[in-house]
Structures are given as C-alpha cells and as structure tokens.
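Asks: no sequence on hand, only this structure:
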C-alpha cells in the first residue's frame, strides 16, 4: 500500500524512475500477499468440522 502511494506521488511530481520502480515493487508484494492468502486458506490449521 505504501509503495503504491509512493508511486502515485512520485508520478505526480515527475519522478518517473522512482514511480516505475515503486509500482513494480507494489505489484510484486501484492502478488506475494495474494499467494500467501490463498495458501493460508488451502492449508490453514483452523478447526475442522466433523
């Protein structure tokens, strides 16, 4: 989330390189978070129903 905000602010201020790098890192972290959430749902250690 913070990287996405940094990317938007940097793009508005004209820092294209910083904006692009921050946007790419935000995409990578978002992808990792989605994968971890899916794996957590699939292999979670929650209570099992009988």
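Replies: Everything's here; your move. From a predicted model like this one, the values you see are computed outputs, not experimental measurements.
Asks: so how far is residue 2 from the residue nearest to residue 16 when sequence neighbours are not counted?
Replies: Spatial nearest neighbour of residue 16, chain neighbours left out: residue 10 (7.9 Å); criterion: Cβ to Cβ, 6 or more residues apart in numbering. For the C-beta atoms, the positions are set from N, CA and C on the backbone; glycine is no exception. Between residue 10 and residue 2 the distance is 12 Å, computed by Cβ to Cβ, to the nearest Å.
Asks: okay, the two: which has more neighbours?
Replies: residue 10 (18 against 9; other Cβ atoms under 10 Å).
Asks: now for the helix or strand where the more buried one lies, which elements pack on it?
Replies: Here residue 10, judged by DSSP states H and E, is contained in helix 2-13. Judged by 3 or more Cβ pairs under 8 Å, 6 or more residues apart in numbering; DSSP states H and E, helix 2-13 is in contact with helix 16-43.
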